[in-house]
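> Below are the sequence and a predicted model; questions follow.
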Amino acid sequence: MTAPALRPPGVPAAAQPLTVADFAALARERLPADVWDFIAGGAGRERTLAANEAVFEAARLRPRALPGIEEPGTSVEVLGSRWPAPLGIAPVAYHELVHPDGESGTARAAGDLGLPLVVSTFSSRRLEEVAAAATAPLWLQVYCFRDTATTLDLARRARASGYQALVLTTDTPFTGRRLRDLRNDFRIPGHIAAANLSETAAAGAATPGAHSRHAFDRSTGWSVVARLRAESGLPVLAKGVLTARDAEAALAAGVAGIVVSNHGGRQLDGAPATLEALPEVVAAVRGRCPVLLDGGVRTGADVLVALALGARAVLVGRPALYALAADGAAGVRRMLSLLTEEFAETMVLTGHATPDAIGPDTVLPPVPPYPARSHG
Ligand SMILES: Cc1cc2nc3c(=O)[nH]c(=O)nc-3n(C[C@H](O)[C@H](O)[C@H](O)COP(=O)(O)O)c2cc1C
Ligand SMILES: O=C(O)C(=O)c1ccccc1
């Protein structure tokens, strides 16, 4: 519950980001417009993108009078590891788009806080190199390629370099229809590589839409969970589950965890906000595996709301890139500290000494319709 660090002399207050929104504003100033659009944008009319944040914003928390909590404990256990807060970094492609340190910078920052990082298949640094920079748990996100050797090679390398789990992305037979990228004719700049893929597998990767349409294996079914598990010896989580039906299928396939996600509104436009989908998935899972959530988490209060509705922990995607763009590893450290601090303060104000105690009675039932929000 220590206060955020005082700014050094001479640094104006306005330059000191205090919220994820502040980091987003700094990133937007620094990044080329088409890179900003690639990161900030979503699929189609961006209804799901907007809904992710709007549903969190509409949540109302029940305060607790005279809570009598000196110092809350914020840590949680996920797949046998203790996380100092119920917070990690979602898999996001190409961190070098926003900072030359790329995923190595992000890994150092996450490590400094002891929080986990999920490295993307489309990481701009080799997963072995990211592991060398990390001091906290790493998970590897996996896409399934038509060339199965590419997929299985990722699984084997993850195990060999100390990754603790695989995260199978289940909502992306191809990348969604991202109109900003189509209008901008966006390409990943030539100096940034899909560092984990062979030259053959990475051919054409500068245009994710076209590349995913020829390289991803659209025939992939749930049996791939067992193959990934056998090849890597690692637990496999399914990312991209929004319904009870898919949660059942994931559990039947042997997943160790589920990430409720709509890919940050970048896949099916019109899919529910993740906070809307969470109760259905949690009810279907009945405690058989941990349920995580990503999409629209921007404050520590959002983290608490997700836990109240049954998530074990949450992941943030865009906030990590915004913070990395603003100030490299130091920015990511600060962003993760701010969210942890906000979460701890919200725990006290709602009368919770530990995350386990945070239940559905902490949140008032939502009152639709949700206000529209601009994502310029
Ligand atoms: C620029 C960008 C790249 C992403 N790349 C991947 C990826 O390679 N693999 C994946 O499973 N999800 C990817 N995602 C989705 C994130 O893992 C996550 O689901 C989403 O960003 C969470 O929403 P948030 O950004 O609102 O926190 C990406 C998201 C963004 C914004
Ligand atoms: O942009 C994305 O959301 C994403 O998942 C992706 C997939 C392939 C290449 C680059 C990004």
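Yes, it's here. Residues are numbered from 1 along each chain as shown. Ligands and ions are numbered 1, 2, ... in the order given.
> which residues of the protein fall in strands?
Ranges of strands in the chain, per DSSP state E, are 76-78, 81-83, 87-89, 117-119, 138-142, 165-169, 236-241, 257-260, 291-294, 313-316.
> Give me the distance between the nearest residue to residue 317 once chain neighbours are set aside and ligand 1.
Using Cβ to Cβ, 6 or more residues apart in numbering and skipping residues adjacent in sequence, the residue nearest residue 317 is residue 90, 3.9 Å away. Every C-beta, even on glycine, is put in place using the N, C-alpha and C of the backbone. From residue 90 across to ligand 1, the span is 4 Å (Cβ to the nearest ligand atom, to the nearest Å).
> ok, residue 90 touching residue 316?
Yes. Shown here, residue 90 and residue 316 form a contact pair, counting by Cβ atoms under 8 Å, at 6.2 Å.
> Please identify every residue contacting each of those two.
Applying Cβ atoms under 8 Å, 6 or more residues apart in numbering, one finds that residue 90 and residue 316 are jointly contacted by residue 294.
> measure whatever residue of the stretch 201-350 of the chain ends up closest to ligand 2 to residue 121 for me?
Residue nearest to ligand 2 within the stretch 201-350 of the chain (Cβ to the nearest ligand atom): residue 208, separated by 3.6 Å. Per Cβ to Cβ, to the nearest Å, residue 208 is found 11 Å from residue 121.
> shared neighbours of those two, anything?
residue 93.
> got the residues of this protein near ligand 2?
Contact residues (Cβ under 6 Å from any ligand atom) of the chain with ligand 2: 93, 122, 172, 175, 208, 212, 263, 266.
> Select from the residues you listed every entry located in helices.
Under the assignment DSSP state H, the residues of the chain next to ligand 2 contribute 208, 212 to helices.
> now the helices for the stretch 151-300 of the chain?
Listed in chain order, the helices of the stretch 151-300 of the chain (DSSP state H, counting those that start in this stretch) span 179-184, 199-202, 208-215, 224-232, 244-252, 274-285, 300-308.
> tell me the contacts of the residue lying closest to the residue of the stretch 201-350 of the chain closest to ligand 2 once chain neighbours are set aside?
Ranked by Cβ to Cβ, 6+ apart and with sequence neighbours excluded, the top spatial neighbour of residue 208 is residue 175, at 5.0 Å. Residues counted as contacts of residue 175 (Cβ under 8 Å, 6+ apart) are 208, 209, 212, 266, 267.
> Over to residue 175: give its phi and psi.
Here is the backbone geometry of residue 175 (degrees, to the nearest 10): phi -70, psi 150.
> Now do it against ligand 1, distance only.
9 Å.
> go on, residue 248?
With Cβ to the nearest ligand atom as the criterion, residue 248 and ligand 1 are 21 Å apart.
> I'd say that residue and residue 284 touch.
Yes. Under the criterion of Cβ under 8 Å, residue 248 makes contact with residue 284 at 5.9 Å.
> And the two? Which one has more around it.
Legend: neighbour count by other Cβ atoms under 10 Å for residue 248 and residue 284, higher for residue 284 (19 against 15).
> Just give the nearest non-adjacent residue to the more buried one, would you?
Take residue 284 and drop its neighbours on the chain: the residue closest to it by Cβ to Cβ, 6+ apart is residue 244, 3.6 Å away.
> do residue 81 as well
In space, residue 81 is closest to residue 137, 5.2 Å off (Cβ to Cβ, 6+ apart).
> who are the neighbours in contact with the one you found?
Applying Cβ under 8 Å, 6+ apart to residue 137 gives the contacts 81, 83, 116, 117, 164, 165.
> neighbour-wise, which of the residues you listed leads?
Neighbour max across these (other Cβ under 10 Å) = residue 117, 28 neighbours.
> What about the residue lying closest to residue 34 once chain neighbours are set aside, how many residues nearby?
Excluding its sequence neighbours, the residue lying closest to residue 34 (Cβ to Cβ, 6+ apart) is residue 184, at 4.2 Å. A total of 17 residues lie near residue 184 under the criterion other Cβ under 10 Å.
> thinking residue 184 is in contact with residue 37, fair?
Yes. The pair residue 184 and residue 37 qualifies as a contact (Cβ under 8 Å) at a distance of 5.8 Å.
> Look up how far residue 233 lies from the spatially closest residue to residue 200 that is not a sequence neighbour.
Leaving aside its sequence neighbours, residue 200 sits nearest to residue 147 (Cβ to Cβ, 6+ apart; 7.6 Å). For residue 147, the distance to residue 233 (Cβ to Cβ) stands at 22 Å.
> Show me which residues of the stretch 201-350 of the chain sit near ligand 1.
Going by Cβ under 6 Å from any ligand atom, the residues of the stretch 201-350 of the chain near ligand 1 are 239, 261, 263, 264, 266, 294, 295, 296, 297, 316, 317, 318.
> Under the pLDDT cut-off, which ranges of this protein? List them.
1-15, 366-376 (pLDDT under 70).
> And the residue of it closest to ligand 1?
For the chain, Cβ to the nearest ligand atom, closest residue to ligand 1: residue 317, 2.2 Å.
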